[in-house]
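Colleague: One predicted model, sequence on top.
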Amino acid sequence: MSKEIINVTEIAEYLYCPRKIFLKRVKKIKEPPTKAMILGFLKHKVFDIFNKNESMIVSNIKENITKEQILISYRNYLNEIIREISRNYENLFKIFKIELLTLETQTLGFLKKDLLIRADSIKNALNLGFKGKELWRNLKPKYLTEFQIISERLRLKGRVDRIMVSDKILPYEIKTRSEIYESDKIQLAAYSLLLEEEFGKKIEWGIIETKRKEEEIFITKELKNKVLEIADKIRNMKNAPFPSNFNKCKSCRLRGECFEI
Ligand code: SF4
């Protein structure tokens, strides 16, 4: 049995076009990086530092602080991280002509709602009299953003857009479009499997947030089985036919190589 770890985004990609995964995994063809991909990579780096240090930010919050001041502390800290990332990845910024302001706007834009719900949660815990490390420990609910998980047992890994941690664990999959596809539900089920292992709690519901709405999704056994089944198909992939709908190929960056093989 192959021990290969599959990224949840590969499962979503497989559902879009299995041949794309075949080209990347079996034929080892690399998708040329775009500015958007590099920006995504840099944002992930920002979130990795942010997640490691958020407990410290919260523990340092003073009792009489307002909600607006909490938001300012978060934004200031995020800007510090963004500047650190811009120094560490100076070359990528130059090659892909990325402005510091673009990374700041996109990161803070993505986090806008997350910071507001965090600030409310912190205010509630402060009102209950918690401070310092106790404040972090007693945040209910606690929110995690772009949280990365890997499981050797499931042979899966992924980065969950948002997680609400309280007595229950609620994963969020955030989409920048208005529609919800079946692949989004499968992706959410994959994150639920990973989070069940990480937190040792059963997850029955998740949320898909789109531009227009938030929809509660029941994470069925069928959805979870589908995740494991597709992950196995990816691990054992030997070939992949062309899709029946060539519209998908119009904006595909692997189109040149794909039609030559
Ligand atoms: S060109 Fe079309 S068939 Fe080939 S990988 Fe891209 S989307 Fe799939």
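Modeller: Nice, thanks for sending it over. Nothing here was measured: the structure is a model prediction, and the numbers come from that model.

Colleague: use CA for all of it now, contacts and neighbours both
Modeller: Will do.

Colleague: Let me see the ranges of the helices in the chain.
Modeller: 8-16, 18-21, 35-59, 67-88, 90-95, 100-127, 133-137, 182-199, 221-235, 255-260 (DSSP state H).

Colleague: Now do the contacts for the residue in the stretch 101-250 of the chain that the ligand sits nearest to.
Modeller: With C-alpha to the nearest ligand atom, the shortest gap between the stretch 101-250 of the chain and the ligand falls at residue 249, namely 3.6 Å. Residue 249 makes contact with residue 255, according to C-alpha atoms under 8 Å, 6 or more residues apart in numbering.

Colleague: give me the number of residues near residue 32?
Modeller: Other residues lying near residue 32 total 8 when counted by other C-alpha atoms under 10 Å.

Colleague: and the gap between it and residue 96?
Modeller: Remark: distance between residue 32 and residue 96 (C-alpha to C-alpha, to the nearest Å) = 12 Å.

Colleague: Show me the common contact partners of these two, please.
Modeller: With C-alpha under 8 Å, 6+ apart, residue 32 and residue 96 have no common neighbours.

Colleague: What parts of the chain come near the ligand?
Modeller: Within the chain, the positions adjacent to the ligand are 17, 19-20, 242-243, 248-249, 252, 254-255, 258 by C-alpha under 6 Å from any ligand atom.

Colleague: quick one on the thing from earlier: now the helices of the chain as CSV including mean pLDDT and distance to residue 2?
Modeller: Formatted as CSV, the helices of the chain follow (pLDDT from 0 to 100; distance: least, C-alpha to C-alpha, whole Å):
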stretch, mean pLDDT, distance to residue 2
helix 8-16, 95, 16
helix 18-21, 94, 17
helix 35-59, 92, 28
helix 67-88, 94, 35
helix 90-95, 96, 34
helix 100-127, 92, 36
helix 133-137, 92, 39
helix 182-199, 97, 19
helix 221-235, 97, 7
helix 255-260, 89, 26
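
Colleague: Tell me which of those sits nearest to residue 158.
Modeller: Nearest to residue 158 among these is helix 8-16; the distance by C-alpha to C-alpha comes to 5.2 Å.

Colleague: In that closest one, which residues are buried?
Modeller: Under the neighbour-count criterion of 16 or more other C-alpha atoms under 10 Å, helix 8-16 has 8, 10-12, 14-15 buried.

Colleague: Now for those residues: which two are most distant?
Modeller: Top of the distance list for these (C-alpha to C-alpha): 8 and 15, 11.1 Å.

Colleague: hmm, back to that, pick the most deeply packed of the helices of the chain.
Modeller: Here the criterion is mean neighbour count by mean count of other C-alpha atoms under 10 Å, and of these the winner is helix 18-21, at a mean of 22.

Colleague: Extract the CA atoms of that one and return them as PDB.
Modeller: What follows is helix 18-21, C-alpha atoms only, in PDB (Å, rounded to 0.1, in the frame of the first residue of the first chain):
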ATOM      1  CA  PRO A  18      -8.100  13.900 -13.300                       C
ATOM      2  CA  ARG A  19      -5.700  14.400 -16.200                       C
ATOM      3  CA  LYS A  20      -4.200  17.400 -14.600                       C
ATOM      4  CA  ILE A  21      -3.200  15.400 -11.600                       C
END
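
Colleague: where's residue 115 relative to residue 174, distance?
Modeller: From residue 115 across to residue 174, the span is 15 Å (C-alpha to C-alpha).

Colleague: what domains does the record give for this structure?
Modeller: Following automatic domain parsing, one gets these domains for the chain: 6-28+142-236, 35-137.
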